[in-house]
Each structure stands twice: as C-alpha cells, then as structure tokens.
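Chemist: okay, sequence plus prediction incoming.
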Amino acid sequence: MPPPIAIIGGGPCGLTLARLLDCKGIDYLVHERDESEQSTHTGGSLDIHPETGQRALREAGLYDEFKKYARYDDTVFTVADKSGKKLLRIGQRRDAPEIDRRELRKILLHAIPREKIKWGHALKSATLGEDGRPVLHFTNGTTASGFKLVVGADGAWSKVRLLVSPETPHYTGRSYLESRITLENPHYPTLTAQAGAGTSMAISAHKIILTQRQGDSSYRTYFGLPVPEKYFQDKANIDLQDPQKTRDVLLSTHFADWAEVHKDLIRHATDFRAWPLYSLPEAEHLGWKSVSGVTLAGDAAHLAVPNGEGVNLAMKDSLELATKIAKCGVENIDQAVREYEEDMFPRGAKTIREGNVMAEIMFSEGPEPLVELMTSFGAGSE
Ligand SMILES: Cc1cc2nc3c(=O)[nH]c(=O)nc-3n(C[C@H](O)[C@H](O)[C@H](O)COP(=O)(O)OP(=O)(O)OC[C@H]3O[C@@H](n4cnc5c(N)ncnc54)[C@H](O)[C@@H]3O)c2cc1C
C-alpha cells in the first residue's frame, strides 16, 4: 500500500511539509527530480522571517538547528545609485536571518528518514485515474498511484498544477544574470572591504546590480536587466559559456555609464547563470475549484517575482497544510485541503501582487522609490 500522501518536489516547501507530517505521525513519500542530495544546484541566500519560515521551523522542531546556520550579521541592506553613492543602510541584526539554500535543505533532509525520499523521480505528468485519484508518471518510466493526496511542491514549472488549474507562469520582462565572486577571486579582498556583510543593491535606468554575501563569505552578484525572455539564450546577444565576452557585453552595453566600483564587480564575475523572472498571473482571487486528492503549495501554487517572501510563504503553506491534515485526519483529507486552500488563495494572490509592485520599484529609473518604500516601513539609515 502506498502511504496516504505523495509530495512532489523536495525544495523548501516539500521538505518542510515532509518533516511536519513526520512530526505528526502521518506517512508520506517525497518524489524529487534531483538524482541525490549532492546533485542539487543551490541558489542564493534566503532571509527567513519570524511569522512564516521561522515559525514553520519551530513547529518542525528544527529552530535550534536553524540557528546554528542563521546569519544575523548578513541582514544589513544597502541601497546605492549608479555612481556608487550609498543612500540607505539598514537592518543590522534584523530578525530575518539569512541562510544558504543548501544549508536549509540539509537541515530539512537530515530530519527526514532517508527512505521517505525518492531521488531521481522527476514528474513528467500527472493524470486522474478511473477512480478520480491522481496517477503520477515519472520521466524514469515509473508510475505511482493510490495516494489519498498528491501535493505539488514542484516549484515554478509544476507538473501537478495542470490537474487543478490551466494557469502557467508568464515572463515578467526582467531577468537576473547571476554570478559569483569566491574567496580566491583577486577582487575578493576589495569587495569584502567595500561591501562587507549582507546585501547591497544599486539601481539606475531600470537596471540593478545586487551583491549578496553567502554563508561561506563568498558573494553572489545579480545583474538585473529589462530584456526579452530568451535574451540570454541567444549567442548573438551574449554567450554565457564565454565569461570574458559576457563581461564585455555587460561593461560596454548595459552598465557602460556605471561607476568603477560597480564595473569592478562585472570585471571579476564568474559562473554566469541566467534567471529569467516569471510570475503566475495577478488576479483578484487566486484559486481553483478544489480537486479531490490534489493540491499545490509554495511556488507551484503562487509563483511571484522574487520579493523576499517566496521561501517563507512556501514554508508557511506547508505548516498550514500539515496542521489541517492533522486536525481533520487522513480519512477527511479533502476537507483538510479545502480549509488549507481557503486560506492559501488570498495569501498567494497577495504575494503575486506584491511581487509585481516590488519589481516595478526595484527596476525603477533610480533607487529613490526603493529608499522611500523602505523608509515608509520605518527603516532608518544606520
Ligand atoms: C533569483 C531568485 C532569487 C530569490 N531570492 C529569494 C529570497 O531572497 N527570499 C525568498 O524568500 N525567496 C527568494 N526566491 C524565491 C524562492 O526561491 C522560492 O519562492 C522558493 O524556493 C519556493 O520554494 P518551493 O519549495 O515552493 O519551490 P522550489 O524551491 O523551486 O523547489 C521545488 C523542488 O521541486 C523539484 N522539482 C521541480 N520540478 C520537479 C518535477 N517535475 N518532479 C519532481 N521534482 C521536481 C526541484 O528540483 C526542487 O527541489 C528567489 C527566487 C529567484 C529565482
């Protein structure tokens, strides 16, 4: 007999749900696309908020473990203009500590029995069987069925989503180009002296340069650009396999009139990776008519432009869903899902709206709207 719950996706959402179900004695199986724990592509540092991500970790009994990795010093946030002038510096030791995605995944993975995760299980499609329950088809040729509930925690390009909604993410007109400056990089000593802890963001002419210190003290830099969706795939524009040419294009085209302090970040950037930014459509009411035996959580449910909430809301979804399942019981799992979705839909709609507003502010003509916004939240310069 399969366990009652199948979770698709072992990201922050799926693994938080798995751990919380474990704590409540409810059986489940996670199906993850990655071949193993080691094969994960990591992504940057995440700030974990008290009422959402931190609360989920507390309920999962993992808060003390989280605190071992949580970086309060990296909560500093600086806003500058293209000349390098710093306009705002806030947040030293805010209660939104940073943790590397890799570390967060490790904490969650180590709290779940190994046999509960099926690695190398990329969902190809999900259909409804004759009994109206989901059937899972994996790219490795296997299928699985008989679950009382399938939870799509499979991120932006969820394959489970089609069972409940025809919506797909759309390109927002902006992309990040991520790069690294490691401790061995000749620019590292200069950068660490200039940027120090936390995140620095410079904005001009609808472009961004964002620098973020990681857990190993290296930096990730994101160059934000208003470019067409396939811009970074077209070698006629830029060839990411050729770092020197990529640097040349950034220096001569996109950031030609930026100050040397910013251009130095480009001159020393390595390991380029494109992140086109997608969002589910903004609607007054996110949602679908509840489908028996299926639901979504995290980015699969409410993908938004990165606005500092994504991972936090993903973990909150997991907490709310696990709590409802425990309350209603596995025998009433559809009722649990309906109650979860009723609360999750407005939360999801709000984050999509806020993501779009934040994108407009961050990709502005200059840094002033972001400074104004942060000051209106009571953030004063330190
Ligand atoms: C450039 C960038 C910066 C960001 N910065 C922040 C930030 O600072 N703070 C913040 O809160 N959020 C940030 N986000 C958003 C955040 O990363 C997401 O909201 C969060 O990771 C959502 O978690 P999730 O578990 O729902 O999805 P994901 O993290 O996408 O995890 C999905 C999991 O499912 C697996 N999977 C995918 N497809 C399949 C499949 N077909 N079959 C099986 N498994 C599958 C994946 O391998 C992955 O493990 C950022 C996003 C981007 C793109």
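Modeler: It's in.
Chemist: CA atoms for contacts and neighbours, from now on please.
Modeler: Fine.
Chemist: so D257 versus T190, what's the distance?
Modeler: 21 Å (CA to CA, to the nearest Å).
Chemist: what's the answer for H49, then?
Modeler: 31 Å.
Chemist: who's more crowded, the two?
Modeler: Neighbours were counted for H49 and for T190 using other CA atoms under 10 Å; H49 has more, 20 against 12.
Chemist: mind listing what the nearest residue to K159 once chain neighbours are set aside touches?
Modeler: Once flanking residues are discounted, K159 sits nearest to S125: 5.7 Å by CA to CA, 6 or more residues apart in numbering. Counting by CA atoms under 8 Å, 6 or more residues apart in numbering, S125 touches L136, H137, F138, K159, V160.
Chemist: one more time with 10 Å, if that's ok
Modeler: The contact partners of S125, by CA atoms under 10 Å, 6 or more residues apart in numbering, come to V135, L136, H137, F138, T139, T143, S158, K159, V160, R161, L162, L163.
Chemist: same question, Q335
Modeler: S290, S292, K324, I325, C328, G329, E341.
Chemist: now I5
Modeler: Contacts for I5 (CA under 10 Å, 6+ apart) come out as 18, 21, 26-30, 146-151, 293-294, 330, 333.
Chemist: domains in the chain, as residue ranges please.
Modeler: 5-71+99-169+281-362, 171-279 (automatic domain parsing).
Chemist: so which residues on the chain come close to the ligand?
Modeler: Taking CA under 6 Å from any ligand atom, the part of the chain that reaches the ligand is made up of 8-14, 31-34, 46-47, 121-124, 153-156, 158-159, 275, 298-300, 306, 308-312, 314.
Chemist: from the residues you listed, which land in helices?
Modeler: Among the residues of the chain next to the ligand, the residues falling in helices (DSSP state H) are P12, C13, G14, D299, A300, G310, V311, N312, A314.
Chemist: any regions of this structure where pLDDT drops low?
Modeler: For the chain, residues meeting the criterion pLDDT under 70 lie at 40-42, 378-382.
Chemist: swap the cut-off to 50 and go again
Modeler: Residue ranges of the chain with pLDDT under 50: none are present.
Chemist: right, and the helix or strand after the longest helix along it?
Modeler: Counting by DSSP H, the longest helix found in the chain is helix 333-362. On the C-terminal side of helix 333-362, the closest following helix or strand by DSSP states H and E is helix 368-376.
Chemist: just checking, what packs against that following helix?
Modeler: strand 77-80, strand 86-90, strand 199-204, helix 333-362 (3 or more CA pairs under 10 Å, 6 or more residues apart in numbering; DSSP states H and E).
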